[in-house]
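Enquirer: Sequence first, then the predicted structure:
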Amino acid sequence: MKNYYAILDIAKTATQKEIRSAYIRKAKLYHPDVNSTPNAAARFKEVQEAYNTLYDREKRQAYDASHAFGSASSAAGSRTASYPGAGGRGSRYHPHHDTSSSFEDQFRAEAEQLRRQWHEMETDKLRRGAEKFKTTFTSDGFPGGVRFIHFFSFTSPYKLRFIFYLLRKIAPLIILPLSFLFFCASEVMSNIARKNAKIHIVYDSYGRAYTYDVHGRRCRLPEFDRRQ
């Protein structure tokens, strides 16, 4: 039988608060999202199983009662012998140690907390790198670069991705209406300019009237011819 106290590295007289603290510490150490070693998943399952058993009062009493049937020597030696065998024999789950739905919810919350802490670690790493780069820019005398790094050092990369994604999605919705409005405004202004423009009439030696359009082409105006 596995020694759950040894797996969580706690004493048999540990309180629920100590059990929970030990579980969080071990989960952070062996969670597959932060530990890529081959046996991390198996050890994380053992930690989860130990916490599920010891944190529940009734399951803990049943475990202590069944564990008390062993000899004193085997009980003393199980603290060091049971934990390394995570992937070997005896890794079968006991029928009394099945994970309940309430524990599943609690595990999801703990996993989400680990993901948030991982994200904070990555963000802090980027911030430290940006601060180092900003110091380099300051020493070299590039004040413009300092403002640029200052903006990105306190902006999460996930927020930047979301901003760029949002701009890419809404750009067509903004550009097309603005282009249409600009075209309509230019047409209106052109019509107003044509109405307000004064016609400049010139005559040739025969008294025929001409004018020039906006492109500089000469146009005949027979109605303004000078009658002789």
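Expert: Nice, thanks for sending it over.
Enquirer: Okay, now the unreliable bits of the chain?
Expert: 69-107, 129-130, 132-159, 194-198, 228 (pLDDT under 70).
Enquirer: and this protein, what are its domains?
Expert: 1-55, 159-197, 198-227 (the TED database).
Enquirer: Can you add mean neighbour count and distance to residue 119 and give those domains back as a markdown table?
Expert: For every residue, glycine as well, the C-beta is placed using N, CA and C. Converted to a markdown table, those look like this (neighbours: other CB atoms under 10 Å; distance: least, CB to CB, whole Å):
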| stretch | mean neighbour count | distance to residue 119 |
| --- | --- | --- |
| domain 1-55 | 17 | 11 |
| domain 159-197 | 10 | 11 |
| domain 198-227 | 10 | 62 |
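Enquirer: ranges for the strands of this structure?
Expert: 202-203, 209-212, 218-220 (DSSP state E).
Enquirer: This protein: helices as residue ranges?
Expert: Counting by DSSP state H, the chain has helices at residues 4-8, 16-30, 40-55, 57-67, 72-81, 101-140, 143-153, 157-196.
Enquirer: For residue 175, which of the strands of the chain is the nearest?
Expert: Residue 175 lies closest, by CB to CB, to one member of these: strand 209-212, at 37.0 Å.
Enquirer: Next, the residues that contact that closest one from outside, please.
Expert: Here strand 209-212 makes contact (CB atoms under 8 Å, 6 or more residues apart in numbering) with 199-204, 218-226.
Enquirer: could you redo the last one with a cut-off of 7 Å?
Expert: For strand 209-212, the external contacting residues (CB atoms under 7 Å, 6 or more residues apart in numbering) are 199-204, 218-221, 224-225.
Enquirer: And for stretch 14-22?
Expert: 8-10, 51, 54-55.
Enquirer: how close does the residue lying closest to residue 55 once chain neighbours are set aside get to residue 59?
Expert: Residue nearest to residue 55 in three dimensions, not counting chain neighbours: residue 19, with 5.2 Å by CB to CB, 6 or more residues apart in numbering. Between residue 19 and residue 59 the distance is 12 Å, computed by CB to CB, to the nearest Å.
Enquirer: Residue 114 too?
Expert: Distance from residue 114 to residue 59, by CB to CB: 24 Å.
Enquirer: Same question for residue 26.
Expert: From residue 26 to residue 59 the distance is 18 Å (CB to CB).
Enquirer: likewise residue 166?
Expert: 49 Å.
Enquirer: do the same with residue 115
Expert: 28 Å.
Enquirer: So those two - more neighbours on which side?
Expert: Set residue 115 next to residue 59 and count neighbours by other CB atoms under 10 Å: residue 59 wins out with 18 against 13.
Enquirer: That one and residue 53 touch, don't they?
Expert: Yes - here residue 59 reaches residue 53: they are 4.8 Å apart, a contact under CB atoms under 7 Å.
Enquirer: about what we covered before: tell me which of the contacts of strand 209-212 is nearest to residue 37?
Expert: Closest to residue 37 out of the contacts of strand 209-212 is residue 219 (87.4 Å), distances taken as CB to CB.
Enquirer: give me the beta-bridge partners of that closest one?
Expert: residue 211 (DSSP bridges).
Enquirer: ok, it - contacts?
Expert: Residue 219 neighbours (CB under 7 Å, 6+ apart): 210-211, 213.
Enquirer: Swap in 10 Å and give it another go.
Expert: 209-213 (CB atoms under 10 Å, 6 or more residues apart in numbering).
Enquirer: Make TSV out of the residues you listed and add distance to residue 39.
Expert: TSV is the format used below for these (distance: CB to CB, whole Å):
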residue	distance to residue 39
209	100
210	97
211	93
212	90
213	86
